[in-house]
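> What shape does this take:
(one chain, ligands or ions: 1)
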Amino acid sequence: MRSYSLLAPAKINLYLEIVGDRPDGYHELVMILQTISLCDRINLLANCTDAIRIHCDHPQLPPAQHNLAYKAAQLMVKQFPDAFAQYGGVEITIDKQIPVAAGLAGGSTDAAAVLVGMSKMWQLGLTLPELQTLATKLGSDVPFCVTGGTAIATGRGEQLDFLNGLDNLAVVLAKHRHLEISTAWAYQTYRQQFGSESISKAENGQSGTAQIHSEPLVKAITQENGIQIGQLLHNDLQKVVLPALPEVAQLRKAFQREGILGTMMSGSGSTVFALCDSQLQAQQIKQDVKAEMNDPDLYFWIAQFSSAGIQVLA
Ligand code: C5P
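Numbers count the residues shown, from 1 in each chain. Now for the predicted structure:
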């Protein structure tokens, strides 16, 4: 088949702890990642030329060559020159629904969809471990995006241990449209401000210490205990983002309302989410926070926890 349509879901971080510096310049992390039902749609069309082209009318998307979906197609060309010679390049159309530079892995999930879709289109039959090995070359969150669900992510974020899927919880997400946070900025600022703290954590036994910190949340997830999950949400990057960006701090405060299970910034922000028992409650929270903030730059989404990664539609 020459064309494929795929759904590429966003993720939120239920937990993000920085446990040390790494020799490769990255940070050693312990995260708990959760797929949600907010999705981009990716269409791939074999073009029988030697070109890779990106089509997307979203104004905030990086130019083609810097787009992670483009880099994913380039990686496939490099890894599988025979298939490229046989089938040619690809037109990639991105229907962007996930906000950009928002801490929701929007770029990473598009890249994961390109890997999965091109493997099908070129009839390579790549297995999940093979796709994840390729995904690691593109970014720390891309391997998780291939599979989706609920997972503990360690190392740079690419080493995954999957937990039983959660799908009974809902989230309301909000983001200031103009606020884009660079992930690299957030981590660098954390290193400048709290570097010695994370190094001492590492010296105390590195991820072993962090796993003890994240363990109660893992237990709550295993027991599907929404109340405890809400209370145990954690994100170290809030320590640098909230003081630097008062709008995000204000949003986080506005979400702290009676009835919700918990609230947290996702990844490096600037999205903040509130965990809810049901879509109905999420709708109510959205209305209340929207009315309180009364800010036309603030956008809201409602989504459900999901166990599906990249889905091939046709
Ligand atoms: O892996 P990815 O390209 O998504 O990471 C974006 C940036 O986030 C990196 O360039 C790095 O500055 C920072 N980062 C980090 N430690 C990680 C993951 C990301 O410092 N484990």
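
> which residues in the stretch 101-250 of the chain form strands?
Ranges of strands in the stretch 101-250 of the chain, per DSSP state E, counting those that start in this stretch, are 150-155, 159-163, 170-176, 234-235.

> and these, which is most packed in?
Neighbour counts (mean count of other Cβ atoms under 10 Å) averaged over each of the strands of the stretch 101-250 of the chain peak at strand 170-176, with a mean of 25. (C-beta placed from N, C-alpha, C; glycine too.)

> That one pairs with which strands, and in what direction?
Within its sheet, strand 170-176 is paired with strand 272-276 (antiparallel), strand 298-304 (antiparallel), according to DSSP bridges.

> Quick one: name whatever helix or strand follows the longest one.
Tracing the chain past strand 298-304, the next element assigned as helix or strand by DSSP states H and E is strand 311-312.

> if I look at the residue lying closest to Ile227 once chain neighbours are set aside, how far off is Phe273?
Spatial nearest neighbour of Ile227, excluding adjacent residues (Cβ to Cβ, 6 or more residues apart in numbering): Leu261 at 6.2 Å. According to Cβ to Cβ, to the nearest Å, Leu261 stands 11 Å off from Phe273.

> Counting neighbours, go ahead and name the busier of the two.
When neighbours are counted by other Cβ atoms under 10 Å, Phe273 comes out ahead of the other of Leu261 and Phe273, with 29 against 20.

> touching the ligand at all, stretch 46-64?
No: judged by Cβ under 6 Å from any ligand atom, stretch 46-64 and the ligand are separated, with a smallest distance of 12.6 Å.

> tell me which residues of that stretch are tucked away?
The neighbour-count check on stretch 46-64 (16 or more other Cβ atoms under 10 Å) flags 46, 52, 54, 56, 61 as buried.

> Measure how buried Arg156 is and give me the count.
When counting by other Cβ under 10 Å, one arrives at 17 neighbours for Arg156.

> actually Thr136, sorry about that
When counting by other Cβ under 10 Å, one arrives at 16 neighbours for Thr136.

> which residues touch Ala135?
By Cβ atoms under 8 Å, 6 or more residues apart in numbering, the contact list for Ala135 reads 111-112, 115, 142-143, 145-146, 158.

> List, one by one, the residues from the stretch 1-150 of the chain near the ligand.
Counting by Cβ under 6 Å from any ligand atom, the residues of the stretch 1-150 of the chain near the ligand are 26-27, 29, 139-141.

> Are any of those buried, and if so which?
Buried by 16+ other Cβ under 10 Å: 27, 29, 139-141, out of those.

> Kindly indicate whether Glu17 is helix, strand or coil.
At Glu17 the chain is in strand, as set by DSSP: H, G, I helix; E, B strand; the rest coil.

> quick one: contacts for it?
Counting by Cβ under 8 Å, 6+ apart, Glu17 has contacts 29-31, 210, 213-214, 234, 236.

> all helices for the stretch 151-300 of the chain, in order.
183-203, 207-222, 226-232, 238-244, 246-255, 279-293 (DSSP state H, counting those that start in this stretch).

> what comes up buried for the fourth one?
What that stands for is helix 238-244. Using 16+ other Cβ under 10 Å as the test for burial, helix 238-244 gives 238, 240-242.

> swap in the last one?
When neighbours are counted by 16+ other Cβ under 10 Å, the buried residues of helix 279-293 are found to be 281-282, 284-286, 289-290, 293.

> what sits up against that helix?
Contacts to helix 279-293, defined as Cβ under 8 Å, 6+ apart, come from residues 170-172, 174, 250-251, 254-255, 257, 259-260, 274, 276, 298, 300, 302, 304.

> Mind exporting the C-alpha coordinates of that helix to PDB?
C-alpha atoms of helix 279-293 as PDB (Å, rounded to 0.1, in the frame of the first residue of the first chain):
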ATOM      1  CA  GLN A 279     -14.900  13.500  31.700                       C
ATOM      2  CA  LEU A 280     -17.900  15.200  33.300                       C
ATOM      3  CA  GLN A 281     -15.800  16.500  36.200                       C
ATOM      4  CA  ALA A 282     -13.000  17.500  33.700                       C
ATOM      5  CA  GLN A 283     -15.600  19.600  31.800                       C
ATOM      6  CA  GLN A 284     -16.700  21.300  35.100                       C
ATOM      7  CA  ILE A 285     -13.100  22.000  36.100                       C
ATOM      8  CA  LYS A 286     -12.400  23.400  32.600                       C
ATOM      9  CA  GLN A 287     -15.400  25.800  32.800                       C
ATOM     10  CA  ASP A 288     -14.500  26.900  36.300                       C
ATOM     11  CA  VAL A 289     -10.800  27.500  35.600                       C
ATOM     12  CA  LYS A 290     -11.600  29.200  32.300                       C
ATOM     13  CA  ALA A 291     -14.000  31.600  34.000                       C
ATOM     14  CA  GLU A 292     -11.500  32.300  36.800                       C
ATOM     15  CA  MET A 293      -8.500  33.000  34.500                       C
END
